[in-house]
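Chemist: sequence first, then the predicted structure:
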Amino acid sequence: MKRLLVALAFMSLAALGQKVGLEPVAQNLDKPVFLTQEPGGPLLAVLQKGRIVALTSGGQSPWLDVSNKVSCCGQRGLLSIAFHPGYRKNRRFFLYYTDRRGYVVIEEYRRKKPFRNLLRIKEPSPNNNGGGLAFGPDGYLYVGTGDGGVTGDPQNNAQNPASLLGKVLRIDVDGGNPYAIPDDNPFAFNDSYRPEIWALGLRNPWRFSFDRESGDLYLGDQGQNNWEEIDYVPAPPGSGGGLNFGWNVLEGNHCFKANKECSRLRMEPPIIEYSHKVGCGVVGGYVYRGSKMPALQGSYLFGDYCKGLVWQAVWQGDAWKTKVLLRSDLKISSFGEDSAGELYLVDYGGAVYRLVPSR
């Protein structure tokens, strides 16, 4: 099990990785927060104010506009898009956004057909709205929700089994109305929990991803006072979900408040953490499965919004080893992955870059 903790403030391994550079893909974007590729189509940049644009060699062109629904900005807005595994045939895709009444909304769209609302979750505060949205290798939709904001999760949403906030949810969008609960969800038959819950104890799971080869999940959970963390869930049979990542009892692997009861019992520690002396806003990335940078094959890449850093993390038999791959002045709002497994950086300042071997 890949569970040993690495504190980035003290780890470095020169033997890891290769030099990487940035190749411009798009400029002059208005607050980009996510990038993906439409299956069989172009790269798509998600813009926080409510638009999605296609990136082509000729520039950018409109793909979708829901700005009339979206609240922006700060940590609110149109935050991500996920394509159904059968998109090429059924044309179904899903949006994660905050609406103008302060709700987190998950909606299903089909090209040229009316949208369908799947989830509306009341947010008590404008911050910590989550934003992660992805289909797992099992075909279910995973949703990463924030704890509802304010400071320190005073409503205890992240640890509350009756709340959908501060969680990763797992739903079956191919059954039920508007969705079904997978029978193997960890709390599907526990009346004390909302059955959608797949993992809990999260503050702001802004970005997470599944390794396209192994099916393992990697999640960046943004901290509050002192610690940022990367959480990990191995694909079944390694784990069936149900993990508690500790917030707001723990921040990273540390007690959140010294005067608060701090039991690590049944809490899942992060695999990687770093202090706010290093950065202040972790951005979960992807396991590299492309071909242009073979030395990074199988490495997990992630970054920090405040410092513009990109790290490489590798499991080396008994521990995670990490190295800074790139130092930049970018405000990294997200990573992106295309159909070939190549990776991209999204700069909130208005640009998209492809990660390439550096000369």
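Modeler: Structure received.
Chemist: all helices of the stretch 201-350 of the chain, in order?
Modeler: Counting by DSSP state H, counting those that start in this stretch, the stretch 201-350 of the chain has no helices to list.
Chemist: residue ranges with poor pLDDT in it?
Modeler: The stretch 201-350 of the chain contains residues with pLDDT under 70 at 258-259.
Chemist: strands along that one, start to end?
Modeler: 205-210, 217-221, 227-233, 243-244, 250-251, 254-255, 272-275, 282-287, 300-304, 309-315, 320-327, 332-337, 343-347 (DSSP state E, counting those that start in this stretch).
Chemist: of those strands, which is nearest Ile197?
Modeler: strand 243-244 (10.2 Å; C-beta to C-beta). All C-beta atoms are positioned from the backbone trio N, CA, C, and that covers glycine.
Chemist: same for the closest one, what does it pack against?
Modeler: strand 197-200 (3 or more C-beta pairs under 8 Å, 6 or more residues apart in numbering; DSSP states H and E).
Chemist: for the strand it packs on, name the packing helices and strands.
Modeler: Against strand 197-200 (3+ C-beta pairs under 8 Å, 6+ apart) you get strand 167-171, strand 243-244.
Chemist: out of those strands, deepest packed?
Modeler: strand 167-171 (a mean of 25; mean count of other C-beta atoms under 10 Å).
Chemist: run the chain-centre distance for it.
Modeler: From the chain centre to the centre of strand 167-171 is a distance of 12 Å (C-alpha atoms, centre = their mean, to the nearest Å).
Chemist: as TSV, the strands of the stretch 201-350 of the chain with distance to Tyr142 would be great.
Modeler: Formatted as TSV, those follow (distance: least, C-beta to C-beta, whole Å):
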stretch	distance to Tyr142
strand 205-210	7
strand 217-221	8
strand 227-233	10
strand 243-244	13
strand 250-251	22
strand 254-255	27
strand 272-275	20
strand 282-287	13
strand 300-304	17
strand 309-315	21
strand 320-327	23
strand 332-337	15
strand 343-347	20
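Chemist: of these, which is nearest Asp99?
Modeler: Using C-beta to C-beta, these put strand 205-210 closest to Asp99, at 18.6 Å.
Chemist: now do the closest one: everything it contacts.
Modeler: 130-132, 134, 136-137, 142, 144-146, 168, 216-222, 235, 282-287, 334-335, 337 (C-beta atoms under 8 Å, 6 or more residues apart in numbering).
Chemist: give me the sheet partners of that strand and which way each runs.
Modeler: Looking at strand 205-210 with DSSP bridges, its partner strands are strand 217-221 (antiparallel).
Chemist: just the CA atoms of the partner strand, as PDB, please.
Modeler: Only the C-alpha atoms of strand 217-221 are listed here, as PDB (Å, rounded to 0.1, in the frame of the first residue of the first chain):
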ATOM      1  CA  LEU A 217      -7.400   8.100  -7.400                       C
ATOM      2  CA  TYR A 218      -5.200  11.000  -6.500                       C
ATOM      3  CA  LEU A 219      -6.700  14.100  -4.800                       C
ATOM      4  CA  GLY A 220      -5.400  17.500  -3.900                       C
ATOM      5  CA  ASP A 221      -7.200  18.800  -0.800                       C
END
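Chemist: for stretch 250-266, buried residues please.
Modeler: The neighbour-count criterion (16 or more other C-beta atoms under 10 Å) identifies Leu250, Glu251, Gly252, His254, Cys255, Phe256 as the buried residues of stretch 250-266.
Chemist: I'd say the fifth one and Cys262 touch.
Modeler: If I follow you right, that is Cys255. Yes: shown here, Cys255 and Cys262 form a contact pair, counting by C-beta atoms under 8 Å, at 3.6 Å.
Chemist: any common contacting residues for these two?
Modeler: Counting by C-beta under 8 Å, 6+ apart, the residues touching both Cys255 and Cys262 are Val249.
Chemist: just to revisit the earlier point, who wins for proximity to Gln48 among the strands of the stretch 201-350 of the chain?
Modeler: Of all the strands of the stretch 201-350 of the chain, strand 332-337 comes closest under C-beta to C-beta, at 8.3 Å.
Chemist: who are the packing partners of that closest one?
Modeler: strand 32-37, strand 205-210, strand 282-287, strand 300-304, strand 343-347.
Chemist: same list, those, but as JSON lines with distance to Asn90 and mean neighbour count please.
Modeler: JSON lines is the format used below for those (distance: least, C-beta to C-beta, whole Å; neighbours: other C-beta atoms under 10 Å):
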{"stretch": "strand 32-37", "distance to Asn90": "17", "mean neighbour count": "23"}
{"stretch": "strand 205-210", "distance to Asn90": "20", "mean neighbour count": "26"}
{"stretch": "strand 282-287", "distance to Asn90": "25", "mean neighbour count": "26"}
{"stretch": "strand 300-304", "distance to Asn90": "31", "mean neighbour count": "25"}
{"stretch": "strand 343-347", "distance to Asn90": "26", "mean neighbour count": "25"}
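Chemist: cheers, nothing more for now.
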